[in-house]
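Enquirer: Give me a 3D structure for the following:
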Amino acid sequence: MFIASLPVMIVKAPWYISVPLISWFLNASIGQGWICPWTTIENKLRKKVGYPQIDAFVKHYYIKPYIRYKIRSKIRSAKKDSI
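Expert: Below is the predicted model:
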């Protein structure tokens, strides 16, 4: 969602906010192998509390829950159809 809303923020923001946002956006969308510093910090904290580390923020917090939701809804609809 952040990347999708980024162009709107760039248009309305002053230049000293727009330039870093544009550079980050280009690096995130075009760059290869770039790891967000927040992911590194989150992985260290997750390791301390015993949780598994994540490899990508979007995959972990958006794609996996969406896939789980779709699977659950298919199972629910299959159960309703079998009744």
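Enquirer: residue ranges of the strands in the protein, please?
Expert: Along the chain, counting by DSSP state E, no stretch forms strands.
Enquirer: Okay, now the unreliable bits of it?
Expert: 1-11, 31-34, 83 (pLDDT under 70).
Enquirer: ok, longest helix in it?
Expert: The residue-count maximum for a helix in the chain (DSSP state H) belongs to helix 64-82.
Enquirer: quick one: it to chain centroid distance?
Expert: 22 Å (Cα atoms, centre = their mean, to the nearest Å).
Enquirer: With stretch 20-32 instead?
Expert: 15 Å.
Enquirer: Next, the contact list for the residue positioned nearest the centre of the chain, please.
Expert: For the chain, the residue sitting closest to the mean C-alpha position, by Cα atoms, centre = their mean, is Val58 at 2.1 Å. Going by Cβ atoms under 8 Å, 6 or more residues apart in numbering, Val58 touches no other residue. The C-beta positions use only the backbone N, C-alpha and C, and glycine is treated the same way.
Enquirer: same deal with the one 5 residues further on?
Expert: The neighbourhood of Ile63, defined by Cβ under 8 Å, 6+ apart, contains no residues.
Enquirer: Against Asp55, how distant is it?
Expert: Remark: distance between Ile63 and Asp55 (Cβ to Cβ, to the nearest Å) = 12 Å.
Enquirer: ok so, going back, how near is the residue nearest to the centre of the chain to Lys12?
Expert: Distance, Val58 to Lys12, using Cβ to Cβ: 24 Å.
Enquirer: cool, and Leu21?
Expert: In terms of Cβ to Cβ, Leu21 sits 11 Å off from Lys12.
Enquirer: Comparing these two, which shows the higher neighbour count?
Expert: Using other Cβ atoms under 10 Å, the more surrounded residue of Leu21 and Lys12 is Leu21, with 15 against 9.
Enquirer: Alright, that wraps it up for me.
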